[in-house]
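**Student:** Okay, structure incoming, though there's no sequence with it:
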């Protein structure tokens, strides 16, 4: 009889530990963060948290550094997403054919994604080093002027985008390749009969059919690019002169260097809303597209 | 026409080669620099041809106690993976069998929420419980990354298993739990390997949670490597040796289990 009760309630008994864990580790902290965002508190034992209402949010919206971080986040995200998508699709098209060593190529392609981001951040720090780095060595050998890369306020974000593109374009390419393998062959046969060029086949058949796959890939990258932390923190820590300080980084600095827990929490609440909002918007777009197809 | 095609193929091969070279280059650069002296790194002439030195590696292990950090990273990565498997496998099975999509979605949210949103409350709570600088705090925080991944990979894996196997077990008089433990688990090897490897890699690479929650006793590799930067003048050779050491285990895993990793990343992606 005891086993019967167990069997009947199996779905709850099996899921309860995981759900409890997620609630305790995720939902509770989010609620806590929202609460703290209405207080002024610097984690000192002598001065308890003080209720300040929306003051943290108002202070944040008046804070130039916050808006700067919003800008940096969007600049980084849009540039990285566009480059990764275009290059990812192009590389997928390039690798989606039979050739010798295809498996080795695919394996090599996997490495940037799994390699430890902090270690890679340090490797790129050396690559970008203005006087001894290989990036400038190459520019010079090609007859270009050397750049400052991470050390320049205007070049730092594009330089970081290159790192992100290096690390994550392979993921978009792999997802798109998986999508390519599911495409039907008859539209191509019809196009061949009509004498379509390679480019026409790509723009009129492949791209439209791949659209759902590409949107999934872009969505996954969007979620992660917005949250980029390791690479930026390990290379520039937001510098030079805050030029690469994104929302994620500013939240970290406010919380763990300035110990302005209330203001940091307010920022994190806004950041959370931004990430969730953009993700939901993309899910909505994908649903609409699927419905229209 | 035929000649054209051969030209096109040659162009594709060339492009493929260039792409692979570009994507592998940082690894090559890291590996070469890890065997160079500071002077060799600074010199443009000794790029590929130089007399390698192992000094960087010996100094990493002798001066900076790297072995300790490697052990710490292993404890945390294995601990959080095992913990995620214990909680995640039954949950994924129940979600797949009873179509509890709602629960699946809740767990997916953990993938979307910026990790930094948890850090302040965790820090306060773990400080209150005296858990800062313990393996427990690190393992629990890393589990929040590993668990959703294990659940998502395993849901699609369990959904792919035929119902008949379970029904046969039930007819033979097994309870559902026996079916799960004796029939489902033994044939789930590939799924468990895929999800465990990814969970291990995420934990091994984790930086943000560990900078806040680890201390002197439990410092993991990424933190130790990063701290290298602040040791006065940058010792590039040692830094690259450290980068090689920390990256090597995940690269080996990726090379050996390439098939599993791709399918795992794809499963996580498709479900997204």
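**Tutor:** Nice, thanks for sending it over. The structure presented is a predicted model; accordingly, all values stated were derived computationally and were not measured. Residues are numbered from 1 along each chain as shown, chains lettered A, B, ... in the order given.
**Student:** where's the most centrally placed residue in chain A relative to residue A:75, distance?
**Tutor:** Residue closest to the average C-alpha location in chain A (Cα atoms, centre = their mean): residue A:225, at 1.8 Å. Computed as Cβ to Cβ, to the nearest Å, the residue A:225 to residue A:75 distance reads 11 Å. To be clear about C-beta, it is placed using only N, CA and C from the backbone, and glycine gets the same treatment.
**Student:** For the chain, give me the ranges with low pLDDT.
**Tutor:** Going with chain A. A:1-3, A:45, A:293 (pLDDT under 70).
**Student:** You answered for a different chain; I wanted chain B.
**Tutor:** B:1-2, B:44, B:231-232, B:266-272.
**Student:** For the most centrally placed residue in it, which three-state class applies?
**Tutor:** Centroid-nearest residue in chain B: residue B:201, 1.2 Å away (criterion: Cα atoms, centre = their mean). Following DSSP: H, G, I helix; E, B strand; the rest coil, we place residue B:201 in the helix state.
**Student:** that older thread, report the contact partners of the residue nearest to the centre of chain A.
**Tutor:** A:76, A:77, A:80, A:81, A:164, A:168 (Cβ atoms under 8 Å, 6 or more residues apart in numbering or on different chains).
**Student:** mind putting the residues you listed in TSV, neighbour count and secondary structure included?
**Tutor:** Listed next are these as TSV, based on neighbours: other Cβ atoms under 10 Å in any protein chain shown; DSSP: H, G, I helix; E, B strand; the rest coil:
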residue	neighbour count	secondary structure
A:76	22	helix
A:77	21	helix
A:80	27	helix
A:81	21	helix
A:164	23	helix
A:168	23	helix
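**Student:** So which of these is the closest to chain B?
**Tutor:** Chain B lies nearest to residue A:168 out of the contacts of residue A:225, by Cβ to the nearest Cβ, at 11.0 Å.
**Student:** which strands and helices sit next to the host helix or strand of residue A:188?
**Tutor:** Using DSSP states H and E, residue A:188 sits within helix A:186-193. Packed against helix A:186-193 by the contact rule (3 or more Cβ pairs under 8 Å, 6 or more residues apart in numbering or on different chains; DSSP states H and E) you find helix A:198-201.
**Student:** just checking, next helix/strand downstream of the helix it packs on?
**Tutor:** Helix A:198-201 is succeeded, C-terminally, by helix A:207-226 (DSSP H and E).
**Student:** and that next one with helix A:186-193, angle?
**Tutor:** Interaxial angle of helix A:207-226 relative to helix A:186-193 (axes from the mean of the first three to the mean of the last three Cα atoms, to 10 degrees): 130 degrees.
**Student:** Report the contact partners of residue 241.
**Tutor:** Just going to use chain A. Applying Cβ under 8 Å, 6+ apart, we find residue A:241 in contact with residue A:153.
**Student:** oops, chain B please
**Tutor:** So residue B:241 contacts B:34, B:56, B:57, B:59, B:60 (Cβ under 8 Å, 6+ apart).
**Student:** Now do residue B:75: how many residues are near it, please.
**Tutor:** 15 (other Cβ atoms under 10 Å in any protein chain shown).
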